[in-house]
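Chemist: A predicted structure for the sequence below; I have some questions about it.
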Amino acid sequence: MLDVKYNIKSLISSIYECQKKIIINRRFIRDLESEGSDTSKLRNEIMDLEHRISEYQKELRNKYQFTY
């Protein structure tokens, strides 16, 4: 049971970290766009992070079928 709780916490923590990075990157993008700089790398990183979040969410659903 402890292993299950740890895995759930780990997955949720990973999702949270990805979300934090997305927020930070969006702030950088806003600043860079005001300067006229290229933001394509940051936008690609955001897409990768969003994909990673969806994978973590799928893993959570598949491993731990929550029934309410």
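Modeler: All right, it came through fine.
Chemist: quick check: which ranges of this protein have low pLDDT?
Modeler: 1-6, 66-68 (pLDDT under 70).
Chemist: ok, now which ones touch the residue nearest in space to the middle of it?
Modeler: Geometric centre of the chain, nearest residue: residue 18, 2.7 Å, by C-alpha atoms, centre = their mean. Applying C-beta atoms under 8 Å, 6 or more residues apart in numbering to residue 18 gives the contacts 49-50, 52-53, 56. Yep, even glycine has a C-beta here, placed from its N, CA and C like the rest.
Chemist: type out the PyMOL command that picks the buried ones from those residues.
Modeler: In PyMOL, a selection of the buried entries from those looks like this (16 or more other C-beta atoms under 10 Å):
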select buried, resi 49+53+56
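Chemist: how distant is the biggest helix by length in the chain from the center of its chain?
Modeler: If you go by DSSP state H, the chain has its longest helix at helix 2-35. Computed by C-alpha atoms, centre = their mean, to the nearest Å, the separation of helix 2-35 from the middle of its chain amounts to 4 Å.
Chemist: quick one: buried residues of it?
Modeler: Buried residues in helix 2-35 (16+ other C-beta under 10 Å): 11, 14-15, 18, 22, 25, 29.
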